[in-house]
Structure formats: C-alpha cells, structure tokens
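**Student:** Here is the input, now give the coordinates:
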Amino acid sequence: MARVLVTGASGFIGQHAVQQLQLSGFEVHAVYAHTCIATQASVVAHRTNLLEPGSVEKLIAVVRPEQLLHLAWCAKPGVYWTSPENLLWVQATLRLLEAFQDQGGQHAVLVGSCAEYDWRYGYCREEVTPLVPASVYGRCKNATRELADVFSQVHGLPIAWARIFHAYGPFEAPGRLVPAVINALLNGQTALCSHGEQLRDLLHAADIGSALVTLLQHQAQGAFNLGSGEPVRLREVVEYLATQLDAMHLLRMGAIAVAADEPPLLVADNQRLAQLGWSAQFDLQHGLDDVLAWWRGRV
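**Tutor:** Model (predicted):
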C-alpha cells in the first residue's frame with residue numbers, strides 16, 4: 001500500500017483516520033505538533049510544528065510520501081471559529097502542497113468543512129449549494145480549497161476536498177455537545193441545552209476516518225461531503241443519552257439561547273461519496289452507544 005503522511009494525526013478526527021489507515025494496510029506517517037500519539041509498529045510518528053518556517057519542507061523531504069491526508073488546522077473549541085491562526089493555516093497548506101509536489105507526491109486529500117456553505121440552504125450538495133461562509137474559519141477553509149483547485153490545475157496533482165459535517169465519537173473535545181452532555185450526566189450534574197429543535201447531520205468519527213481512506217484509495221478528485229445524509233433533531237440525541245444513563249431528570253432543554261444565525265437545518269448530500277462504495281458502519285444509536293461506553297471507561 002501507499003506511504004501516506006497524515007497531518008493533525010493526534011486530533012479528534014486524525015486518531016480515527018490513522019486507525020482506519022492501519023486497518024487498510026497503508027504505510028502511515030503520522031504528524032503531531034504538541035500531543036504525542038500512541039502508535040503501533042506500523043505507524044511512524046513525526047513531531048513537527050507545520051507553522052514553523054522550513055518545517056514542512058524538512059518533513060516532506062524525510063518522509064517522501066506518495067499520498068497526503070491533511071487534517072491539521074486551528075481547532076481549539078471556542079477559539080477556532082474566529083482565530084487569526086486560520087490565516088496561517090491557509091499559508092501552511094499551500095507550502096505543504098508545494099513541498100509534496102516537489103518530492104514526487106501523487107495524490108492529496110485536504111479536509112474542509114460544512115462551514116464553507118451558505119447555511120440558509122440547509123441541504124448541502126457539492127457543486128450546487130453556494131459557498132458563502134460566514135466565519136473566519138469557514139472563509140479560510142474555502143480560500144484554501146480555491147488555492148488547492150488552482151494548484152491542482154497548474155501542477156496536475158489530483159486533490160480531493162473532504163467537507164466534514166458534524167462528527168462525534170471517542171477522543172472528541174469534552175466541551176462539545178455529545179461529550180458535554182454525557183460527562184455532566186455521568187457526574188450527576190445538570191446538562192444545560194438549547195431547545196434542541198435544530199436538525200443536524202451526525203456521523204461517527206470512525207466512519208469519517210473510513211471515508212477519508214476511501215478518498216485515498218480511489219485517488220478521488222474534487223469536493224466530497226462527509227456526512228450521514230440523514231438529519232437528526234439534537235433534542236433526540238441528548239434525550240437518548242439521558243435515557244441510557246437514567247438521567248432524564250438532569251436535562252434542561254431550552255436553558256441555553258440559540259444564536260440568531262444558527263440554521264434550523266444543516267445536512268449533507270453524500271451521494272458523491274457513496275458512489276465510491278463508501279457506507280457508514282455506525283447508525284446513530286450504535287454510534288452513541290459506542291461513545292457512551294468510551295466515556296464511561298474514563299469517568
């Protein structure tokens with residue numbers, strides 16, 4: 001199998017992607033900046049800050065990857081949406097592509113976000129739904145995609161752009177919805193939620209990892225939505241978690257105000273991805289059960 005370089009390998013999605021790549025037989029080179037990742041013999045770890053001058057070129061020269069999976073980005077909860085660091089990642093991604101191309105790289109998968117879309121449309125389809133990002137994060141992701149498109153055209157490098165919707169699963173940041181509710185309830189604390197009527201597209205992170213592997217295996221090109229394709233009401237998600245933990249009395253629906261610009265519906269059309277033969281292994285119930293078991297083992 002191909003030698004693949006994975007940036008952001010110690011992150012939430014990165015850890016799942018590395019696991020799926022191992023299962024698929026890739027020679028995995030995993031990049032982390034701060035938090036060391038637990039690796040098996042089949043994974044080579046590289047500690048590198050991709051924002052430092054010259055670091056990208058040195059890394060690529062050492063690894064000489066055939067394929068690239070670029071997940072690294074500013075992702076700190078509560079910060080990344082407006083952080084000026086997003087601009088640095090636009091530049092770093094272009095440097096990464098240039099070094100990868102110069103060292104004989106053959107195919108790249110870059111990771112985008114549903115934040116690139118115009119959320120007023122709700123149901124998002126690649127090449128159809130307008131790209132009108134409203135946040136610094138979304139605008140920088142979209143700008144990176146445009147640069148990657150130009151790079152691909154100029155240099156002939158096949159590049160896939162993977163737009164992730166709403167991931168959940170083991171290793172997720174504790175402050176995000178699913179782990180925040182689980183941890184509050186496991187500790188006998190009140191879980192404060194919004195009204196929960198929002199419809200969202202949730203996909204287990206292991207399935208996102210397998211989707212990224214599918215894009216690498218097919219040397220896919222262009223934009224792909226990574227989502228379940230099925231809207232679910234957030235109220236149903238948190239009520240399921242509370243029911244499983246026998247803690248419905250600790251849920252406080254409507255305790256948190258919903259932002260004025262938060263869309264009532266945001267869901268992926270995932271048919272382009274499905275046409276490559278990908279399908280999710282977790283339905284929502286089994287996915288939430290998996291996450292519950294994971295957090296129970298850590299409380």
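**Student:** which stretches of this structure aren't confidently modelled?
**Tutor:** Within the chain, the segments meeting pLDDT under 70 span 35-41.
**Student:** what ranges do the strands span in it?
**Tutor:** 3-7, 27-32, 43-47, 67-70, 107-113, 123-124, 159-164, 166-168, 191-192, 199-204, 222-226, 231-233, 251-252, 265-268 (DSSP state E).
**Student:** wait, which of the ones you listed is closest to Val79?
**Tutor:** For Val79, the closest of these is strand 107-113, at 15.1 Å, according to CB to CB. To be clear about C-beta, it is placed using only N, CA and C from the backbone, and glycine gets the same treatment.
**Student:** what comes up buried for that closest one?
**Tutor:** His107, Ala108, Val109, Leu110, Val111, Gly112, Ser113 (16 or more other CB atoms under 10 Å).
**Student:** Then stretch 133-143?
**Tutor:** Residues Pro133, Ser135, Val136, Tyr137, Gly138, Arg139, Cys140, Lys141, Asn142, Ala143 are the ones in stretch 133-143 that count as buried (16+ other CB under 10 Å).
**Student:** In the residues you listed, find the pair that's most separated.
**Tutor:** The largest separation in the buried residues of stretch 133-143, counting by CB to CB, is between Ser135 and Ala143 at 12.3 Å.
**Student:** From Pro263, how far out is Phe272?
**Tutor:** One correction, residue 272 is Arg, not Phe. 22 Å (CB to CB, to the nearest Å).
**Student:** brain fart, Ser135
**Tutor:** 13 Å.
**Student:** any residues in contact with both of the two?
**Tutor:** When CB atoms under 8 Å, 6 or more residues apart in numbering defines a contact, no residue borders Ser135 and Pro263 alike.
**Student:** Out of the buried residues of stretch 133-143, the closest to Asp201 would be?
**Tutor:** Nearest to Asp201 among the buried residues of stretch 133-143, counting by CB to CB, is Gly138 at 16.1 Å.
**Student:** ok, the residue lying closest to that closest one once chain neighbours are set aside to Ala9 distance?
**Tutor:** Take Gly138 and drop its neighbours on the chain: the residue closest to it by CB to CB, 6 or more residues apart in numbering is Ala115, 3.4 Å away. From Ala115 across to Ala9, the span is 22 Å (CB to CB).
**Student:** Phe224 now?
**Tutor:** Using CB to CB, we find Phe224 at a distance of 21 Å from Ala9.
**Student:** do the same with Trp81
**Tutor:** 23 Å.
**Student:** Compare the two (neighbour count), which wins?
**Tutor:** Between Trp81 and Ala9, Ala9 has the larger neighbour count (other CB atoms under 10 Å), namely 27 against 15.
**Student:** Tell me if I'm right that that one and His34 touch.
**Tutor:** No - counting by CB atoms under 8 Å, Ala9 does not reach His34; the two are 11.8 Å apart.
**Student:** Could you single out the nearest of the buried residues of strand 107-113 to Glu66?
**Tutor:** Distances from Glu66 to these, taken by CB to CB, are shortest for His107, at 7.5 Å.
**Student:** how about the closest one, what does it touch?
**Tutor:** Shown in contact with His107 (CB under 8 Å, 6+ apart): Glu66, Gln67, Leu68, Leu157, Pro158, Ile159, Ala160, Leu216, Gln219.
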